[in-house]
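# No letters, just coordinates:
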């Protein structure tokens, strides 16, 4: 593996050029949500393809149902591992434009930060990986096989790449040992952070209805079942008194937390009183026998995202609402099967629905499965060794509560061990006006990617 | 007591004049809800006062915090009962005006109906009482004391008369044996109907809050308590599995149903399959050991009038809502004390509120107590005798589920026995465009009021 000093020296020599190329990438307004920018997405994909060809990759622009997928492959030595890399070249919309201090697609360096839409998410983190690959290739030091999947619809649901997965599997392209992703964040500047888990997600809407119109609560109160009351009762059945999910079979696939992972997770910085200061309420939700960090990282949830029924204006209106609906979503962990979990939730709702009203389930969705890593995984241990060299502070192992369904799907389809290390910071304002990325964090990203890929280059396949 | 035939003959002789005076009353656009009609309300009150003076009443226009209260008193013989009469001269707004087939304040007779705003509610039903009083006075046959309270704010909450009650009690004006009201309806044309009960009402809003903003359901799911989920759980605690209210002490003041009342109530026309056809759902709400009619008339309720939290738009939005609120109202029966019932509900909500979120109770309101009559009451029995003569069909005894708080308050303050008989029909479209009143029902009202007041005139005080 290359020493940090070697990588640092190369970075220092190439810093200005790297930043120029980063800016070039940022000038494409590749907003996937707005069809008006469809051509810009295409141009951005072409630029990437050509850039990767120049580096020595075999490239292909794969057409999908949506924006094209940039595929690039470099064949390493046969006994070295295959590294799949996932990233995206599309960006979020820029509204409200007037809140930007400089135009979103005219990258501007101010202080130690580069400002532009996509500066961090995900162009900034993609470009340092490309520069790391370039560095190793120039020195003839890239010996692992690398397959890049750079999609153009991450911000709009990843439909293109998701629907292309079966074909990619069939073609043998989506086969590898490690699935490397640099689209996550660090808990603080200079603190190395490995994302150890993402939860899966499924969702649905449940409506209780059947009453022809809002009823007078005097003339009908006590005669009919009240849809709002009954929906509240139905929601209540989803959890027991200890916050545990009461849906039959819902915990199938949820394992006990590995003691080492539990230790690492709880070592991540989480302070109940800071949390309460920031969020307004104490972290006392969920299953009472787990810590907040454990509940977020290792336990499933069923959350009400919305509940609406009847009158909501000022004062009182004495009606029995004609209907009530609730939007539910569930975060999944471990080996929970998304479709089965969704089915179990539906079965539970149907079983507990009141007689005298009608239940309709709609808008069912399967976002994807969970992705959960173990600190015992050889890939994680190799990454830890690399990251240790980049910071004096202990590496944080973060089991996230959120979901990146496409990453989970790619991991599942490929069988590759995911490796999610990113250098974004909460102050980067991704998805918001004045997005930026710290050039210092960009540098750490480059150092990490170069050392990591150099490490993979010197590892035999069986070691990862 | 006067025979029906006598009354009928007088009606037939005076029919045209009665209708003309009814029209005169209807021409005042006495809309209490709209300050633009304040002078019209005043003029309508003046007209009533002058009309009652002409009949021989001592009248007074009592100024209140709102529209004036028309007070009129006729002193009968000392050993005869005192009849309090409550009605209102204000009417509902007329919007949407374009849906009226004739101008709302230009009364028009079409077929057997008189069309105008207030044709029934309550001017039509008030005028037949005034004509009954006039009839008896002209024949020197009114021997009971009669005190009329005609308010101008029934459609906007009865604030004026309600706040005047303590003073009216102090002045000895609100003292009587019977509180007669003709502001209710009959179950069908020609079917005599006695309203035997009105439920009381209290209401409030409960908010669960404390989270600073909507949270990402992945990053925070399982960490905080979800306000929507917790509010659903809180609502669930309000009832037990059999639909019985689970608020401690809430049934204080609720008596067993008198067997005779139960028989009469269940004899009123109610058909489960007709109900389901009309309303869309079967009548299976509330406490399972009572019939629908019993539940509506004799049992209290706590109903959710509205429940709102989080996302309600199309598709999914995976948030934990920052707050949730519910609007609750409770119908009271028997001797339930409204303030105590409201306090008990608040105490229950506070006791069962989740830790980790804040509960705020607001918009608390006490509409008024219940009013419940017994079929054994001498006044009801006298009314039954009168009504029997007006129809071949059996009289319906209807314990209503709704509330007329001012009537309950007047009954409670006066100690008088309420007598609620009215001749409105569901097709009268009160509160809606094209309000009308059947002239045949108006005639029945006149006959009833004349015979009833003649009966009271021949009764000693101890007999009512």
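Everything's here; your move. Computed from a predicted model, the values in this text were never measured in an experiment.

# what about residue A:219, how many neighbours?
By the measure other CB atoms under 10 Å in any protein chain shown, the count of residues near residue A:219 is 13. Every residue, glycine included, has its C-beta placed from N, CA and C.

# Could I get the contacting residues of the nearest residue to it once chain neighbours are set aside?
Using CB to CB, 6 or more residues apart in numbering or on different chains and skipping the chain neighbours, the partner closest in space to residue A:219 is residue B:401 (5.1 Å). If you count contacts by CB atoms under 8 Å, 6 or more residues apart in numbering or on different chains, residue B:401 has them with A:216, A:218-223, B:199, B:296-297, B:331.

# just checking, which of the residues you listed belong to strands?
Among the contacts of residue B:401, the members found in strands (DSSP state E) are A:216, B:331.

# Quick check: the two most widely separated of the contacts of residue B:401?
Using CB to CB, those reach their maximum pairwise distance at A:216 and B:297, which is 14.3 Å.

# out of the two, which sits in the busier spot?
Counted by other CB under 10 Å, residue A:216 and residue B:297 do not tie: residue B:297 has more neighbours, with 27 against 12.

# Against chain A, how distant is that one?
For residue B:297, the distance to chain A equals 9 Å [CB to the nearest CB, to the nearest Å].

# got the contact list for that residue?
Counting by CB under 8 Å, 6+ apart, residue B:297 has contacts B:196-197, B:265, B:333, B:398-401.

# Please identify which of these is nearest to chain A.
Nearest to chain A among these, counting by CB to the nearest CB, is residue B:401 at 4.5 Å.

# dump the residue contacts of the residue in the stretch 151-300 of chain A that chain B sits nearest to.
Residue of the stretch 151-300 of chain A nearest chain B, by CB to the nearest CB: residue A:218 (3.1 Å). Contacts for residue A:218 (CB under 8 Å, 6+ apart) come out as A:318, B:199, B:201, B:331, B:400-403.

# closest to residue B:3 among these?
Checking these one by one against residue B:3 (CB to CB), the nearest turns out to be residue B:400, at 31.0 Å.

# Show me the helices in the stretch 201-350 of chain A, by range?
A:227-236, A:259-267, A:272-279, A:292-298, A:338-352 (DSSP state H, counting those that start in this stretch).

# for the last one, packing partners?
What it means is helix A:338-352. strand A:200-209, strand A:324-332, strand A:358-368 (3 or more CB pairs under 8 Å, 6 or more residues apart in numbering or on different chains; DSSP states H and E).

# which of the residues in that helix are buried?
A:338, A:341-342, A:344-346, A:348-349, A:352 (16 or more other CB atoms under 10 Å in any protein chain shown).

# now that helix: how far from the chain's centre is it?
25 Å (CA atoms, centre = their mean, to the nearest Å).

# quick one, what contacts the residue nearest to residue A:292 when sequence neighbours are not counted?
Leaving out its chain neighbours, the residue that sits closest to residue A:292 by CB to CB, 6+ apart is residue A:283, at 4.1 Å. By CB under 8 Å, 6+ apart, the contact set of residue A:283 is A:270, A:272, A:275-276, A:292, B:223-224.

# Nearest to residue B:378 among these?
Proximity to residue B:378 was ranked across those by CB to CB; first place goes to residue B:224, at 61.9 Å.

# In this structure the closest one contacts residue A:276, no?
No: Residue B:224 lies out of contact with residue A:276 (CB atoms under 8 Å); the separation is 9.6 Å.

# any idea of the pLDDT on residue A:351?
Residue A:351 is assigned 98 on the pLDDT scale.

# er, residue A:461 I mean
pLDDT, read off for residue A:461, is 79.

# How about the contacts made by it?
Contacts for residue A:461 were tallied using CB under 8 Å, 6+ apart; they are A:79-82, A:177.

# For it, give me phi and psi.
Backbone torsions of residue A:461, given as degrees, to the nearest 10, read phi -60, psi -40.

# I'd like to know how far it sits from chain B.
On the measure of CB to the nearest CB, residue A:461 and chain B end up 34 Å apart.

# got the contact list for whichever residue of the stretch 301-450 of chain A sits closest to chain B?
At 3.1 Å from chain B, residue A:402 is the closest residue in the stretch 301-450 of chain A, using CB to the nearest CB. By CB under 8 Å, 6+ apart, residue A:402 lies in contact with A:198-199, B:216, B:218-219.

# and what of residue A:252?
Residue A:252 touches A:336-337, A:340, counting by CB under 8 Å, 6+ apart.
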